[in-house]
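Asks: have a look at this fold, sequence not included:
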Ligand SMILES: [Cu+2]
């Protein structure tokens, strides 16, 4: 049997030998082609999974190295069907079956040996564009694979910071909207300040052919995407995923703790006005840059699509702290919310909800 080669995949995509993928929207297929492609996908049987929401605490621990290393990383594209909310299903595209994709943690100066798998259970070509990669397309063309293919990429993490990675095939907006984005953290050589808890949250929006909350299987809507009119705006891929309403709080901490949030906006189109209700970002690294000094006491930080922020919060008093996009209709009506719960002693000097006269 003739095996599909990567070269054939690139030719089929109209990319043979041309750096035409990431950052070049002019190569994108027409809306009609995209919709056709999506319909074909929808006709195939997808693997049904119970959950696509990444566990926000599933982060590799801080690195304890003073020398660069070679790090092996495997990413797998997984097309799955799951619920956005109770009774609403959707064909997601993911890295590793989760949104955002697996958190990758390396150190500045490390060499990453990436294996990118596109199993033959998938129906679409996929790839990865890492913003931490210095090189054409962030590795997108080098990793473009058809179902059944595996690609390899070797790169050096030359600058520190938290960077998005995302799918960048010609239908890149659709693939990101279907869930294909995540964070690669490149720790600075001297590491990062110690904290009590680290969290991983990714925001993105989903465009479907039905109303928000309408039960049943939602198809992808290219028209809604082109109009930037999402049906859902989500943190970790499902409505209110990391709240007590769904899988529980993103984390439960103790008063006095410091939590660090790694936040990525996948988009593909909407920026997030990222804010912790009842709190401020104690320290915040704009755009996830670890080469600049952090800002202090930031209430709301704009995180554009294709970017990140690293921010810490302190918890002087107990309670539920809501992480939101302060474009609040997205929170109230489209599912965009995460909650961090702090437990411990009240501190009425800081906050007294029932002062005695
Ligand atoms: Cu993809």
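Replies: Happy to help now that I have it. Since this is a predicted model, take the numbers as computed values, not measurements. Residues are numbered from 1 along each chain as shown.

Asks: the lengthiest strand in the chain close to the ion?
Replies: Criterion DSSP state E: the longest strand present in the chain is strand 70-85. No. Residues of strand 70-85 are not located near the ion by Cβ under 5 Å from the ion, the shortest gap being 6.0 Å. Every C-beta, even on glycine, is put in place using the N, C-alpha and C of the backbone.

Asks: show me which residues of that strand are buried.
Replies: 71, 73, 75-85 (16 or more other Cβ atoms under 10 Å).

Asks: show me what the helix or strand just after that strand is packed against.
Replies: Later in the chain than strand 70-85, the nearest helix or strand by DSSP states H and E is strand 88-95. Under the contact definition 3 or more Cβ pairs under 8 Å, 6 or more residues apart in numbering; DSSP states H and E, strand 88-95 sits against strand 70-85, strand 216-218.

Asks: run the angle between the longest one and strand 88-95 for me.
Replies: Relative orientation of strand 70-85 and strand 88-95, computed by axes from the mean of the first three to the mean of the last three Cα atoms, to 10 degrees: 170 degrees.

Asks: strand 70-85 pairs with which strands, parallel or anti?
Replies: strand 47-48 (parallel), strand 88-95 (antiparallel), strand 111-118 (parallel) (DSSP bridges).

Asks: and if you look at the last one?
Replies: Sheet pairing for strand 216-218, assigned by DSSP bridges, gives strand 88-95 (parallel).

Asks: what lies in contact with the partner strand?
Replies: 41-42, 46, 52, 75-84, 99, 101-102, 124, 126, 128, 165, 167, 175, 178-182, 206, 208, 213-220, 237 (Cβ atoms under 8 Å, 6 or more residues apart in numbering).

Asks: need the residues of the stretch 201-350 of the chain near the ion, please.
Replies: Counting by Cβ under 5 Å from the ion, no position of the stretch 201-350 of the chain is adjacent to the ion.

Asks: which residues in the stretch 201-350 of the chain form strands?
Replies: Per DSSP state E, counting those that start in this stretch, the stretch 201-350 of the chain carries strands over the ranges 216-218, 232-235, 251-254, 258-267, 272-277, 281-285, 295-298, 301-303, 307-314, 319-325, 337-343.

Asks: tell me what the fifth one is packed against?
Replies: The reference is to strand 272-277. Against strand 272-277 (3+ Cβ pairs under 8 Å, 6+ apart) you get strand 258-267, strand 301-303, strand 307-314, strand 319-325.

Asks: counting neighbours, show which residues of the second one come out buried.
Replies: For strand 301-303, the buried set under the neighbour-count rule, 16+ other Cβ under 10 Å, comprises 301, 303.

Asks: sheet partners, orientation included, of it?
Replies: Sheet pairing of strand 301-303 (DSSP bridges) gives strand 272-277 (antiparallel).

Asks: the inter-axis angle of the partner strand versus strand 307-314?
Replies: 10 degrees.

Asks: the stretch 1-150 of the chain: helices as residue ranges?
Replies: Assigned by DSSP state H, counting those that start in this stretch, the helices in the stretch 1-150 of the chain fall at 6-12, 31-43, 140-143.

Asks: hey, least reliable of these by pLDDT?
Replies: Mean pLDDT is lowest for helix 6-12 out of the helices of the stretch 1-150 of the chain, coming in at a mean of 49.

Asks: any chance of a markdown table for the helices and strands packed on strand 88-95, columns mean pLDDT?
Replies: Formatted as a markdown table, the helices and strands packed on strand 88-95 follow (pLDDT from 0 to 100):
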| stretch | mean pLDDT |
| --- | --- |
| strand 70-85 | 98 |
| strand 216-218 | 97 |
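
Asks: wait, which of the ones you listed is closest to residue 250?
Replies: Checking the helices and strands packed on strand 88-95 against residue 250 by Cβ to Cβ gives strand 70-85 as the closest, at 17.4 Å.

Asks: ok, back up a step: out of the strands of the stretch 201-350 of the chain, which comes closest to residue 145?
Replies: strand 258-267 (20.4 Å).
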